[in-house]
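S.K.: this one's structure only:
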Ligand code: BES
Ligand code: MN
Ligand code: ZN
């Protein structure tokens with residue numbers, strides 16, 4: 001899809017369809033009023049007669065349009081003016097896509113971003129529009145004989161009084177995020193018989209081939225053994241698919257020694273639970289237990305599009321957790337790379353075992369900050385549902401920066417506590433730590449477990465167990481929290497004041 005800004009007299013701009021937003025029980029906005037005048041009151045008559053209530057996301061397509069250069073007009077309900085927030089706004093764009101998808105419309109000229117959305121400026125309104133259109137148009141039909149028909153829609157234009165560089169930036173950033181989100185969804189939706197740890201490693205290597213400033217390093221089990229990553233290896237032992245930890249080093253700073261931001265993604269390409277086997281209902285969804293690694297991969301892809309002047313190292317901690325004659329068992333005591341011993345009380349609490357060694361490994365990268373992203377606990381889903389990712393960090397300023405990025409990007413996160421109380425739940429009679437902390441506060445005890453391995457740098461943990469994918473009829477990866485993380489990186493670059501010009505990437 002092509003996205004572009006457009007200015008000029010709106011009634012005279014040609015397009016297959018003009019897309020206009022209308023508030024419920026409200027006045028027409030300036031843009032829509034102008035069209036209504038040119039159409040001799042056709043729109044206001046329709047509303048007055050009660051044929052279009054303008055409920056949020058409601059649409060009506062008008063044909064036989066004369067008096068303006070557009071062929072059709074699509075009216076989109078915005079709901080009540082004072083209720084219009086980001087969520088409602090995204091709902092409107094989802095409705096636009098549905099309305100246009102099965103029509104012959106190839107080019108749409110849109111004005112929805114002219115509506116006032118609570119706390120959002122035009123930059124955000126354009127950015128969310130592009131992100132939402134990309135999200136709506138996602139299909140995963142690689143394994144179906146009958147492929148979805150590609151929609152005719154190929155060009156979306158945003159009508160603006162002035163085509164400012166910040167709006168060009170909005171389009172560039174949104175497209176990069178959408179590209180990353182798609183990469184994350186594609187890899188996460190793959191089944192475990194295809195996307196195994198070796199596959200993740202291949203993706204890392206391919207990215208390095210595609211992009212000059214990316215170097216990939218893949219650490220195999222033999223090397224992990226040398227490094228003493230025994231917790232990571234213990235999880236992998238029950239699987240015939242060997243573990244690989246893949247590093248994607250994106251350094252566009254020109255300084256080979258720049259301190260990196262390190263993103264560590266839990267990459268359990270399948271989590272059967274191991275000897276503490278999971279129940280079979282919905283077990284297929286545990287192919288998504290590599291959602292953290294998939295998100296890290298998507299962020300790295302987005303970075304290559306944005307060419308941001310940063311150094312970010314993405315770590316895909318690939319592994320598979322299976323029951324087997326060689327699998328690790330409840331009661332086993334493991335010595336982690338850090339030297340702390342861990343008593344395994346449940347082999348299904350495997351994510352923290354893989355992560356604790358990956359998090360120890362990344363110390364040697366001299367990180368500025370480390371953020372791990374993991375589908376870590378069912379308890380996080382119980383606490384926050386599927387709406388917010390859980391954020392845990394002992395560092396106030398990093399936590400604030402990530403919560404800000406989450407709010408800005410519309411990719412929500414909510415902070416959950418860490419602390420000694422939770423660490424005490426991890427006491428073991430036989431080792432330094434147990435790998436589970438009892439029934440209560442599971443997201444926090446998991447975070448507390450990780451906190452024992454992250455004392456030497458600034459760290460945050462994102463539990464995406466509830467947000468990485470959707471279940472049921474809409475089953476599929478969401479691409480979260482790519483938008484949150486890319487936003488965080490954009491914010492870091494802006495904070496440092498490094499010069500870069502994204503609007504130069506905008507193609508006219
Ligand atoms: N990958 C799961 C967490 C998970 C469960 C994510 C359901 C999304 C939906 C993780 O490895 C796990 O099994 N965690 C256990 C921990 C428990 C044994 C302490 C859990 O949450 O039940
Ligand atoms: Mn598990
Ligand atoms: Zn898991």
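M.R.: Good, I have the coordinates. Given the structure is predicted, the values throughout are model-derived calculations rather than measurements. Numbering: from 1, shown residues only. Ligands and ions are numbered 1, 2, ... in the order given.
S.K.: what's the closest non-adjacent residue to the residue of the stretch 251-400 of the chain found nearest ligand 1?
M.R.: In the stretch 251-400 of the chain, no residue comes nearer to ligand 1 than residue 378, which is 3.3 Å away by Cβ to the nearest ligand atom. Using the backbone N, CA and C atoms, a C-beta is placed for each residue, glycine as well. Spatially, and ignoring its direct neighbours in sequence, residue 378 is nearest to residue 465 (6.4 Å; Cβ to Cβ, 6 or more residues apart in numbering).
S.K.: what's around the one you found, how many residues?
M.R.: Other residues near residue 465 come to 29 when the count uses other Cβ atoms under 10 Å.
S.K.: separation between the closest residue to ligand 2 within the stretch 101-250 of the chain and residue 329?
M.R.: Nearest residue of the stretch 101-250 of the chain to ligand 2: residue 235, at 9.2 Å (Cβ to the ion). Residue 235 is 12 Å from residue 329, where distance means Cβ to Cβ, to the nearest Å.
S.K.: swap in residue 395?
M.R.: 36 Å.
S.K.: picking up where we left off before, list the contacts for the spatially closest residue to the residue of the stretch 101-250 of the chain closest to ligand 2 that is not a sequence neighbour?
M.R.: Leaving aside its chain neighbours, residue 235 sits nearest to residue 350 (4.5 Å; criterion: Cβ to Cβ, 6+ apart). For residue 350, the contact set (Cβ atoms under 8 Å, 6 or more residues apart in numbering) comprises 235, 268, 271, 274, 319, 321.
S.K.: same check, this time on residue 133
M.R.: By Cβ under 8 Å, 6+ apart, the contact set of residue 133 is 1, 93, 96, 97, 156.
S.K.: among those, which are in helices?
M.R.: 93, 96, 97 (DSSP state H).
S.K.: Any chance of CSV for those residues, columns pLDDT?
M.R.: Below are those laid out as CSV (pLDDT from 0 to 100):
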residue, pLDDT
93, 98
96, 98
97, 98
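S.K.: Tell me how many other residues surround residue 245.
M.R.: Neighbour number of residue 245 under other Cβ under 10 Å is 31.
S.K.: That one pairs with what?
M.R.: residue 219, residue 317 (DSSP bridges).
S.K.: Low-confidence ranges, this structure, go.
M.R.: Flagging of the chain using pLDDT under 70 yields the residue ranges 508.
S.K.: just checking, next helix/strand downstream of the longest helix along it?
M.R.: The longest helix of the chain (DSSP H) is helix 165-189. Downstream of helix 165-189, the next assigned helix or strand under DSSP states H and E is helix 197-210.
S.K.: helices or strands up against that next one?
M.R.: Applying 3 or more Cβ pairs under 8 Å, 6 or more residues apart in numbering; DSSP states H and E, one finds that helix 197-210 makes contact with strand 214-219, strand 244-251, strand 261-271, helix 291-306, strand 311-321.
S.K.: tell me the angle of the second one relative to strand 261-271?
M.R.: Read it as strand 244-251. When axes from the mean of the first three to the mean of the last three Cα atoms, to 10 degrees is applied, the directions of strand 244-251 and strand 261-271 differ by 150 degrees.
S.K.: do the same with the shortest one
M.R.: Between the axes of strand 214-219 and strand 261-271, defined by the same axes, to 10 degrees, the angle is 50 degrees.
S.K.: got the angle for strand 214-219 vs strand 311-321?
M.R.: Relative orientation of strand 214-219 versus strand 311-321 (the same axes, to 10 degrees): 30 degrees.
S.K.: How about the residues of the stretch 251-400 of the chain by ligand 3?
M.R.: Contact residues, the stretch 251-400 of the chain versus ligand 3 (Cβ under 5 Å from the ion): 268, 271, 289, 351.
S.K.: Output those in TSV; the columns should cover neighbour count and distance to ligand 2.
M.R.: Putting those into TSV (neighbours: other Cβ atoms under 10 Å; distance: Cβ to the ion, whole Å) gives the following:
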residue	neighbour count	distance to ligand 2
268	30	7
271	25	4
289	28	7
351	29	6
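S.K.: Please, where are all the strands along the stretch 301-450 of the chain?
M.R.: Under the criterion DSSP state E, counting those that start in this stretch, strands of the stretch 301-450 of the chain are mapped to 311-321, 333-335, 341-343, 369-374, 389-392, 413-415, 433-434.
S.K.: would CSV of these with mean neighbour count be doable?
M.R.: CSV is the format used below for the strands of the stretch 301-450 of the chain (neighbours: other Cβ atoms under 10 Å):
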stretch, mean neighbour count
strand 311-321, 29
strand 333-335, 17
strand 341-343, 21
strand 369-374, 27
strand 389-392, 26
strand 413-415, 19
strand 433-434, 22
